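In: no sequence on this one, just coordinates:
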C-alpha cells in the first residue's frame, strides 16, 4: 500500500504504515550522520537545545555531494543507518518520528520505534541522483565545519521511500525474506 505523508509527522499519521508499504514524503527533512549525531548527544548531555526541534521530525542519514548548477542538492543517497544506533533511542524518546536510511537496526532501536510510534524508512541505496530529485531546497543549519555531514534542512516533495520498521514491530528485513521463501516453497512444491 502507498501512503502520502507530510512533515511534521504525528503518531496518528504513522500508525497505518506497515513494513513493506511505500511512502511519498513531503515537507521538511533534516540531514544528520555520525558526526552530527555525536554533537547532538553532546548538546543534550549539556542540556542545550538541538539545531532543530525533534517533535515530529524526520531525519535522513545522508551526506550529499555538492550540488550542480541549477540543482538544490547533489547526489543524496542514504548511508548505513546502524552507525547511528547508539544515539537513536534517545532521539526517538525525545520526539523524533522518522528516520530515513538503509540497512538493519539494533534491537534497542526497534524497541524505541515501537515505544514511540515512530517509523524507519528506506531510501534507495545506490541511487543518490534519483533521491536528490525529490529535494526542492537545501540549507545548512548547523555545523558547516562537518562538510557533507553538516546538518541541513531539506524541503522535499514526494520522496519515494519504503517502510522498513513500523510502529507495531513490523520489520521488512524479517518479513520480506520470510514472504519470499514462503512463495518460493509454494511455487516449487
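Out: Alright, I've got the coordinates. Quantities reported herein were computed from a predicted structural model and do not represent experimental measurements.
In: residue contacts, residue 57?
Out: Contacts for residue 57 (C-beta atoms under 8 Å, 6 or more residues apart in numbering) come out as 7, 8, 9, 28, 30, 95, 96, 97, 98. Where you see a C-beta, it was placed from the backbone N, CA and C, and this is true even at glycine.
In: ok, the third one touching residue 54?
Out: Spelled out, that is residue 9. No - the pair residue 9 / residue 54 is not scored as a contact, 11.2 Å apart, by C-beta atoms under 8 Å.
In: element containing the closest residue in space to residue 142 that isn't next to it in sequence, please.
Out: Leaving aside its chain neighbours, residue 142 sits nearest to residue 51 (3.5 Å; criterion: C-beta to C-beta, 6 or more residues apart in numbering). Assigned by DSSP states H and E, residue 51 belongs to no helix or strand.
In: and residue 51, what pLDDT?
Out: pLDDT, residue 51: 97.
In: state the phi and psi torsions of it.
Out: Dihedral angles of residue 51 (phi, psi; degrees, to the nearest 10) stand at phi -70, psi -10.
In: tally of neighbours for it?
Out: Close neighbours of residue 51, defined as other C-beta atoms under 10 Å, add up to 17.
In: mind listing what's buried in stretch 161-176?
Out: 161, 163, 164, 165, 166, 167, 170, 171, 172 (16 or more other C-beta atoms under 10 Å).
In: name the residues that touch that stretch?
Out: 11, 14-15, 17-25, 100, 104-105, 109-110, 113-114, 116-123.
In: before we move on, what about stretch 7-27?
Out: 1-6, 28-29, 55-58, 97-98, 100, 116-119, 121, 155-168, 170-172, 175-176.
In: now, which of these lie within strands?
Out: Residues of the contacts of stretch 7-27 located in strands (DSSP state E): 2-6, 28-29, 58, 98, 100, 119, 121, 155-165.
In: helices of the chain, start to end?
Out: 11-14, 34-46, 88-93, 107-116, 128-132, 172-187 (DSSP state H).
In: and those: which comes nearest residue 77?
Out: Taking C-beta to C-beta, helix 128-132 is the member of the helices of the chain nearest to residue 77, at 3.1 Å.
In: what helices or strands is the closest one leaning on?
Out: Judged by 3 or more C-beta pairs under 8 Å, 6 or more residues apart in numbering; DSSP states H and E, helix 128-132 is in contact with no other helix or strand.
In: buried residues, it. List them.
Out: 128, 131, 132.
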